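> everything below, folded, please.
(4 chains)
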Number of protein chains: 2
Amino acid sequence: MNKVTMEDVAKHADVSKSTVSQYINGRYEYMSKKTKQRVEESIEELNYSVNIVAKSLKQKRTFTIGVIVANIIHNFSTQVIRAVEDVCNKKNIHVIVCNADDDPEKEQTYIELLLAKQIDGLIVFPIDGNIEYYKKLYKAAYPIVFVDRKIEQLPIDTFLLNNEGASEMAVDHFVSKGYREIGFVSSSLTNVTPRIERLEGFKKALVKHNVEVNKDYIISCKVKNIRTELKKMLLSVDRGPKAILASNDLSLIETLKFLNQNNLSIPHDVALIGIDDVPFSDIIVPSLTTVAQPSYVIGENAASKLLDIINNRQKKRSGNIYRFDGELISRNSC
Amino acid sequence: MNKVTMEDVAKHADVSKSTVSQYINGRYEYMSKKTKQRVEESIEELNYSVNIVAKSLKQKRTFTIGVIVANIIHNFSTQVIRAVEDVCNKKNIHVIVCNADDDPEKEQTYIELLLAKQIDGLIVFPIDGNIEYYKKLYKAAYPIVFVDRKIEQLPIDTFLLNNEGASEMAVDHFVSKGYREIGFVSSSLTNVTPRIERLEGFKKALVKHNVEVNKDYIISCKVKNIRTELKKMLLSVDRGPKAILASNDLSLIETLKFLNQNNLSIPHDVALIGIDDVPFSDIIVPSLTTVAQPSYVIGENAASKLLDIINNRQKKRSGNIYRFDGELISRNSC
DNA sequence: CTGAAAGCGCTTACAG
DNA sequence: CTGAAAGCGCTTACAG
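Next comes the predicted model:
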C-alpha cells in the first residue's frame, strides 16, 4: 500500500523533500506556481499520502488521544465516548478507547501503553486506586481531564453531572406526586463520586421536605445482589417504601426486573425514577421517568477542553470542576 | 512525561543504545548478567518506557488496527467492537474505531486517515458505495476482513450471521405457535447483505410451510417511516398479519413503540420476534422472543483472523465466508 | 558479548 | 523561492 514516500514524490516532481513537505503542509507563500503544480501532480499520480508515524516522531504529536472509561458497561460511558469521537473526528484527531473494567491495574497498564504510543492527551474516568499515578501525570504536565468522578487532591479539570441536584429533582418529583416513603438503590460498591453525591443529594432532599431518612430504605450493594436486597426491603419489611430512586442505569434495570418478576405494578405498587436515562425508557410500558444526564454534552466539553490544553501546553491549568445539570423527563413510572 | 529516551538509558547504564534495545526486546542470549542488570536498573531508575512511534517507524508496524463500522447505532456493532477490543487488548494491539454513519465518503476519509497512520490492518463493515476502494486495498495486499456484509466481487474473509437461517428460525417458531399470517419489517434502505438475506430467508421459510408470500405484509423503509407503514399494514388493511418479524434491532424498537402506542397487546393482538437481541429484551413485559446474533463470537473470529493475516502477510488469502448461526431465545412475545 | 552506523519517513531552521 | 542537512527515537545487520 503506502510504499510511496515523500522522497519518491520529490524525485518525480524534480524538487527536494523539503519542498514537498512544505506543499503537504500548505505553506505555499514562497512557492512558485510551477513548483506547486508539479508537486500537486506528482502526489496525484503516485497516489501519495503522508506517513503520520514519521510525522509524529518528528513533530512529537500523534494527533491521537486516549479515553479510559472506568466501565464501558454504563450507558453514560458509551455516550461520552460517542461525543468525544465526534468532537475529535471533526479535527482529524483519532481516539483510542480503553475499558478499565473498574480495575486499577488494568487502567494503569492501559495508560502506560497509551503513553508509550505518545498520545497527545487523555480523558479518564478515574478509579480510586490510581491516584498516585494520576499525580505523576499531572506533575509531568501531561494533558489530561477527568470525567464522571473527581479526585479531590488534584487540580485537574473535571466534567460531571450535578449529582446532588439530580437526586433532588427526583425526590422533588416523588414528593410532588405525594410520595414520602422513598427508597434509594445504588449499584456502586466503591466510593465513587456519583454514588456518594447522589446519596447525599437524596438525603438532603428528603430533609428539605421534612421526611426522615430511613436507613432501611437505602440499598448500596453489588449489582447481582440488588434483587435480594430489594426483596428484603420491599417484601419482608412491614411497610416498605412506595417509591424507589434508582441511582444509575444498572440499578434501574435490576429494580425493573425485580418489580416485574414479583408482579409489582409500576407506579401503582411502587413508583420508580432512575438517574441516568436508559435507551428503552421510552419504549417500554410503563415508560420510565428518569433524570437524564447530559452525557453527550459532558463528553463534548471534556473533549474540547482537552484539545485546548493540548494546543496551549504552556498555560497553567485551572483544575475547574464543571457541573452539568440533569433533566427530569417525566413519563409514566412516577 | 516521556522525555527520557533510550539514549539516556544507555548513558546511565554506560552501554550502547543497541544493547538497551536488545534488552527492551527481550533478546538476552548474548547479554552478560552484569550488563543486563545495569540496563534493568537504569530503566527502573529513569522510569523509561519505549517510544512506540519511533519503534513503529523503524519496524513498519504500529500495533494498532482500525475498525470501521457502517453504523454504530446498531447493538450488533457495539458488541462486535467490544469483542475485537478484547481480543486485541490481550495481545497489546490497540483498536481505533470509526463510525462511517452509512456514508461512503465518510468511510473513505476514515480509511485514508487510518492508512496514513500506518495501522496494521482493518476490520470493515463494508458499504455498498466503496467497492472500488476496497478493491484497491485488496490488491495492495492490505490486511483486511469484512463483518456483517459481504462484497461478492472480492475474496476477502467475511464474518456474518447465517441470515437466512435466522429468519427461518423465527418463522418456524411463529408457525409452531399457530401463526401463518406473518409480517416482515426491515429498517434498511440500502441493499445490504443482512436485509437481503433475512428477507430471502423469510420468504423461503414461508414457502416451506406452504404459506403464500404476501407483499402487503412486507415493510422495508427508513426507520422514521416504519410506524407509518405499520399503521397502513396493521390498521388500514382489512386483515393484517397476526405476527411480525422485525429484521433488526431498530425495526424491533419501532414496532414495539407502535404496538404500545396503539394499545395492541403482545402477543395477543400481534406476536413479535426480532432478529438481533436487544439489551432490554429480558427486562420488559412481555419479554421479547428474539433470534440473537452471536455478535461477540463474530467479532472475536474476525479479530483473530485479522491478526493472523497481519502475522503471515505472505500467505495467500482465502476469502472465506464465515457464517455464524443465530439462536432463538424463546420468551413471551411469541 | 557489545557498539558504531545506517536508516525508517518525515519536518524545520538555515543558507543561498 | 528552493535545497542540503540535521534530527526525531528507535532497530538491526554487521564488525570486532
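
> measure A:N311 to A:V84 for me?
Between A:N311 and A:V84 the computed distance is 16 Å (CB to CB, to the nearest Å). Quick note: C-beta positions are derived from backbone N, CA and C, even for glycine.

> quick one: which of those two has more around it?
Neighbour comparison, A:N311 and A:V84: the larger count goes to A:V84, with 25 against 13 (by other CB atoms under 10 Å in any protein chain shown).

> just confirm the more buried one is within a strand.
No - the assignment for A:V84 (DSSP: H, G, I helix; E, B strand; the rest coil) gives helix, which keeps it out of a strand.

> that one against A:N301, yeah?
No - in this structure A:V84 lies outside contact range of A:N301 using CB atoms under 8 Å: 10.1 Å.

> so which bits of the stretch 101-250 of chain A are right by chain B?
Along the stretch 101-250 of chain A, the residues adjacent to chain B under the rule CB under 8 Å from any CB of the partner chain are A:112-113, A:115-118, A:137, A:140-142.

> count the residues that sit near A:H209.
15.

> again but with A:Q37, I slipped
For A:Q37, the neighbour count with other CB under 10 Å is 12.

> quick check: it vs A:L46, distance?
15 Å.

> could you do A:C98 as well?
37 Å.

> one more: A:G319?
For A:G319 relative to A:L46 (CB to CB), the value is 49 Å.

> which one's more surrounded, the two?
A:L46 (16 against 13).

> got a list of what the closest residue in space to the more buried one that isn't next to it in sequence touches?
Closest residue to A:L46 apart from its sequence neighbours, by CB to CB, 6 or more residues apart in numbering or on different chains: A:V4 at 4.8 Å. Taking CB atoms under 8 Å, 6 or more residues apart in numbering or on different chains, we find A:V4 in contact with A:46-48.

> sec struct for A:V4, please.
Assignment for A:V4 (three-state DSSP): coil.

> for chain B, give me its nearest residue in the stretch 51-200 of chain A.
A:A140 (4.2 Å; CB to the nearest CB).

> what is the neighbour count of that residue?
A:A140 has 12 nearby residues by other CB under 10 Å.

> got the contact list for A:C88?
When contacts are counted by CB under 8 Å, 6+ apart, A:C88 touches A:65, A:94-95, A:303, A:307.

> how about 7 Å then?
A:C88 makes contact with A:65, A:94-95, A:303, according to CB atoms under 7 Å, 6 or more residues apart in numbering or on different chains.

> and A:K315, what pLDDT?
With respect to pLDDT, A:K315 has a value of 63.

> then A:S18?
92.

> still on that earlier bit, neighbour-wise, give me the winner out of the residues of the stretch 101-250 of chain A next to chain B.
In terms of neighbours by other CB under 10 Å, those top out with A:K117 at 23 neighbours.

> OK, contacts around it?
A:62, B:52-53, B:94.

> adding secondary structure and pLDDT, write those residues out as CSV.
Compiled in CSV, the contacts of A:K117 are given as follows (DSSP: H, G, I helix; E, B strand; the rest coil; pLDDT from 0 to 100):
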residue, secondary structure, pLDDT
A:T62, coil, 93
B:I52, helix, 94
B:V53, helix, 95
B:H94, strand, 89
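
> how about the residue lying closest to A:R195 once chain neighbours are set aside, secondary structure?
Distance criterion CB to CB, 6+ apart; nearest residue to A:R195, sequence neighbours excluded, is A:S188 at 3.9 Å. Using three-state DSSP, the structure places A:S188 in coil.

> so for A:S188, what's the pLDDT?
70.

> where in the stretch 1-150 of chain A is pLDDT low?
Scanning the stretch 1-150 of chain A for pLDDT under 70 picks out A:1-2.

> at 80 instead, please
A:1-2, A:28-31 (pLDDT under 80).

> quick one, helices of it?
Applying DSSP state H, counting those that start in this stretch to the stretch 1-150 of chain A gives helices spanning A:6-13, A:17-24, A:33-46, A:52-59, A:75-90, A:104-116, A:131-139.

> buried residues, the longest one. List them.
The neighbour-count criterion (16 or more other CB atoms under 10 Å in any protein chain shown) identifies A:75-85, A:87-89 as the buried residues of helix A:75-90.

> Serialize those to JSON lines and add fields for distance to B:I123.
Listed next are those as JSON lines, based on distance: CB to CB, whole Å:
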{"residue": "A:N75", "distance to B:I123": "24"}
{"residue": "A:F76", "distance to B:I123": "26"}
{"residue": "A:S77", "distance to B:I123": "22"}
{"residue": "A:T78", "distance to B:I123": "19"}
{"residue": "A:Q79", "distance to B:I123": "23"}
{"residue": "A:V80", "distance to B:I123": "23"}
{"residue": "A:I81", "distance to B:I123": "18"}
{"residue": "A:R82", "distance to B:I123": "19"}
{"residue": "A:A83", "distance to B:I123": "23"}
{"residue": "A:V84", "distance to B:I123": "21"}
{"residue": "A:E85", "distance to B:I123": "17"}
{"residue": "A:V87", "distance to B:I123": "24"}
{"residue": "A:C88", "distance to B:I123": "20"}
{"residue": "A:N89", "distance to B:I123": "18"}
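
> helices or strands up against whichever strand or helix holds A:M169?
Assessed by DSSP states H and E, A:M169 sits inside helix A:163-176. In terms of contacts (3 or more CB pairs under 7 Å, 6 or more residues apart in numbering or on different chains; DSSP states H and E), helix A:163-176 is packed against helix A:193-208, strand A:243-246, strand A:271-275, strand A:289-292.

> kindly reformat those as TSV containing distance to B:S287.
Below are the helices and strands packed on helix A:163-176 laid out as TSV (distance: least, CB to CB, whole Å):
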stretch	distance to B:S287
helix A:193-208	29
strand A:243-246	20
strand A:271-275	18
strand A:289-292	21
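
> tell me which of those sits most buried.
Across these, averaging neighbours per residue (mean count of other CB atoms under 10 Å in any protein chain shown) puts strand A:243-246 on top, at a mean of 30.

> right, and the helix or strand after that one?
Next along from strand A:243-246, by DSSP H and E: helix A:249-261.

> closest one to DNA strand C out of the contacts of A:K117, please.
Relative to DNA strand C, the closest of the contacts of A:K117 is B:V53; by CB to the nearest atom of the strand it sits at 9.1 Å.

> list the contacts for that closest one?
Neighbouring residues of B:V53 by CB under 7 Å, 6+ apart: A:53, A:56-57, A:62, A:117-118.

> who in chain A is up against DNA strand D?
Within reach of DNA strand D by CB under 7 Å from any atom of the strand, chain A has these residues: A:14-19, A:22, A:29-32, A:34-36, A:54, A:57-58, A:60.

> could you turn the buried ones of those residues into a PyMOL selection?
In PyMOL, this line selects whichever of the residues of chain A next to DNA strand D come out buried by 16+ other CB under 10 Å:
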select buried, chain A and resi 15+19+22+35+36+54+57
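
> near DNA strand C, which of the residues of chain A next to DNA strand D show up?
Answer for the residues of chain A next to DNA strand D near DNA strand C (CB under 7 Å from any atom of the strand): A:17-18, A:22, A:54, A:57-58.

> what's the farthest-apart pair in those?
A:Q22 and A:L57 (18.8 Å; CB to CB).

> domains in chain A, as residue ranges please.
A:6-50, A:62-161+A:296-325, A:163-292 (automatic domain parsing).

> low pLDDT regions in the stretch 151-300 of chain A?
Using pLDDT under 80, the stretch 151-300 of chain A drops low at A:188-191, A:235-239.

> so which residue of it comes closest to DNA strand D?
Nearest residue of the stretch 151-300 of chain A to DNA strand D (CB to the nearest atom of the strand) works out as A:I156 at 25.1 Å.

> what are the phi and psi values for that residue?
phi -110, psi 140 (degrees, to the nearest 10).

> that one: neighbour count?
Neighbours of A:I156 (other CB under 10 Å): 22.

> next one: it from DNA strand C, what distance?
28 Å (CB to the nearest atom of the strand, to the nearest Å).
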